[in-house]
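**Q** Mind folding the following:
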Amino acid sequence: MSDLPPRRRGRPTKEQAAAYAAAAQEKAKKDNEETEYLDEVLAKPIKRRAAQAKLQPDEDTLRTIGELGKLFCTQEEVAAVLGVSRKTFQNFLSDCPEARDVWDDGLMHAKVSLRRKQLALADKNAPAAIFLGKNYLGQKDESTTNINHSKPAAEMTEAELMEIAMRKAGESPAKPAEAKKESVH
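**A** Numbering: from 1, shown residues only. This is a model prediction of the structure:
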């Protein structure tokens, strides 16, 4: 047997309920801080930096990059918020490993968050979960078709070979006897 206590069923204990409530409060507080920070950043008018002005890996810049990464913003969108060109932002990411780490970390947080929401959403709305998974998580439908032929290819007619090729390409085979009908209207 196991040294673990028997599984408790029913309501959580007062200590467990308090711990759940504290964790939920802490999460809400953290989410609120992140939202407020982004609201501040996005409320500022976007101003182009001077041509010679470079991005610096200061705390505000790195936090902005990370928070926008968590929203799946594109590099072009982040560059616009920072007031630089996309090329300048890309150079900054390649020249500053700390900025690249923050950017990658933000994107990974977004994917994990999306995956968690996708799992919760899958119970209620499967098409939405499938759409999100395909577009953001790289999931895809895979279909395989097995065609078994007992005749060697050398013994098949050209029509049979064309039918196999059409199936392989995912198209429906056209019937050779069926000519294109012209409309009478």
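**Q** For Leu107, grab the count of nearby residues.
**A** By other CB atoms under 10 Å, 18 other residues sit near Leu107. All C-beta atoms are positioned from the backbone trio N, CA, C, and that covers glycine.
**Q** Going forward, count from 664.
**A** Will do, 664 is the new start, and the previous item becomes Leu770.
**Q** Assign it to helix, strand or coil.
**A** Put simply, Leu770 is helix when judged by DSSP: H, G, I helix; E, B strand; the rest coil.
**Q** and Leu824, what helix or strand is that in?
**A** In this structure, Leu824 sits in helix 821-832 according to DSSP states H and E.
**Q** Show the average pLDDT along that helix.
**A** The average pLDDT for helix 821-832 rounds to 83.
**Q** Flag every buried residue along that helix.
**A** For helix 821-832, the neighbour count (16 or more other CB atoms under 10 Å) marks Glu826 as buried.
**Q** How far off centre is it?
**A** 37 Å (CA atoms, centre = their mean, to the nearest Å).
**Q** Alpha carbons of it, in PDB - could you do that?
**A** The C-alpha trace of helix 821-832 is given here as PDB (Å, rounded to 0.1, in the frame of the first residue of the first chain):
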ATOM      1  CA  GLU A 821      -2.900   4.600 -68.100                       C
ATOM      2  CA  ALA A 822      -6.300   5.400 -66.700                       C
ATOM      3  CA  GLU A 823      -5.700   3.300 -63.600                       C
ATOM      4  CA  LEU A 824      -2.300   5.000 -63.000                       C
ATOM      5  CA  MET A 825      -3.900   8.400 -63.400                       C
ATOM      6  CA  GLU A 826      -6.600   7.500 -60.900                       C
ATOM      7  CA  ILE A 827      -3.900   6.500 -58.400                       C
ATOM      8  CA  ALA A 828      -2.000   9.700 -59.000                       C
ATOM      9  CA  MET A 829      -5.100  11.800 -58.600                       C
ATOM     10  CA  ARG A 830      -6.000  10.100 -55.300                       C
ATOM     11  CA  LYS A 831      -2.400  10.700 -54.100                       C
ATOM     12  CA  ALA A 832      -2.700  14.400 -54.900                       C
END
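**Q** Leaving out the residues flanking it, which one is nearest to the residue nearest the centre of the chain?
**A** Nearest residue to the geometric centre of the chain (CA atoms, centre = their mean): Tyr799, 1.8 Å. Spatial nearest neighbour of Tyr799, excluding adjacent residues (CB to CB, 6 or more residues apart in numbering): Leu777 at 5.6 Å.
**Q** got the contact list for that neighbour?
**A** 735, 795, 799-800 (CB atoms under 8 Å, 6 or more residues apart in numbering).
**Q** how far away is it from Asp723?
**A** 26 Å (CB to CB, to the nearest Å).
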